[in-house]
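Undergrad: build the 3D model from these lines:
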Amino acid sequence: MTKRPSNIHRFTNSIVRMREPLCPDLRALLYKYAREEYPRVFPRGVYVNTEPPRFETAAEIRMLRAAGADITGHTLVAEAYLARAIGACYASAYIISNYAEGVEDTSWIGSSIFDYYRDCAEKIGRITVRTIAAISPEDKKCTCMENLIEVPGEVKKRIAIDE
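TA: This is a model prediction of the structure:
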């Protein structure tokens with residue numbers, strides 16, 4: 001869904017696989033420590049990236065829900081894509097800051113989202129610190145560094161990819 005220009009060529013001339021966009025090892029750690037802070041945590045979901053800096057319309061939300069989306073946001077896809085391009089482990093935890101347009105019959109003020117972020121900052125900070133502290137390179141089972149497919153030289157020439 002994102003239309004942002006790609007700068008991926010700055011990092012790699014390879015094709016970036018997105019079969020599993022988030023690191024399963026980091027996701028498991030984030031989930032573990034998020035459950036210590038919040039009573040309701042979902043270990044996975046379908047995230048749809050939409051174009052900032054606006055919220056989706058009620059019609060867009062209905063379309064995305066029909067397509068299987070659980071959550072929408074503006075940043076995850078670009079972050080995950082760039083992490084994959086450099087072989088980095090990446091995962092993310094999201095707090096739900098507002099119901100999407102047309103989902104709940106409530107009115108909310110946009111600035112209240114930022115108040116909510118501030119209220120969650122301490123818990124999110126603890127989750128982040130605990131997750132980072134628990135990372136063990138010896139226990140790493142992910143394949144995050146194996147998500148690039150090298151483009152053969154003759155194909156690079158044919159599609160004009162710089163070497």
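
Undergrad: what number of residues lie near the closest residue to Tyr38 other than its chain neighbours?
TA: Once flanking residues are discounted, Tyr38 sits nearest to Lys123: 7.0 Å by C-beta to C-beta, 6 or more residues apart in numbering. Any C-beta I mention is one placed from the backbone N, CA and C, and that applies to glycine too. Under the neighbour criterion other C-beta atoms under 10 Å, Lys123 is assigned a count of 15.

Undergrad: you'd agree Lys123 is in a helix?
TA: Yes - counting by DSSP: H, G, I helix; E, B strand; the rest coil, Lys123 is located in a helix.

Undergrad: show me the strands in the chain, by range?
TA: Counting by DSSP state E, the chain has these strands, from start to end: 15-16, 47-49, 71-73, 148-149.

Undergrad: any chance of those in TSV, plus mean pLDDT, mean neighbour count and distance to Ile159?
TA: Formatted as TSV, the strands of the chain follow (pLDDT from 0 to 100; neighbours: other C-beta atoms under 10 Å; distance: least, C-beta to C-beta, whole Å):
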stretch	mean pLDDT	mean neighbour count	distance to Ile159
strand 15-16	87	17	11
strand 47-49	93	19	25
strand 71-73	92	16	31
strand 148-149	88	13	14
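
Undergrad: between these, which gets nearest to Leu82?
TA: strand 15-16 (8.9 Å; C-beta to C-beta).

Undergrad: buried residues in stretch 80-90, which are they?
TA: Residues of stretch 80-90 classed as buried by neighbour count (16 or more other C-beta atoms under 10 Å): 80-85, 89-90.

Undergrad: need the max-distance pair from those residues.
TA: So, those by C-beta to C-beta: farthest apart are Tyr81 and Cys89, at 14.1 Å.

Undergrad: Leu64 is in contact with Thr72, isn't it?
TA: Yes - using C-beta atoms under 8 Å, Leu64 is in contact with Thr72, at 6.2 Å.
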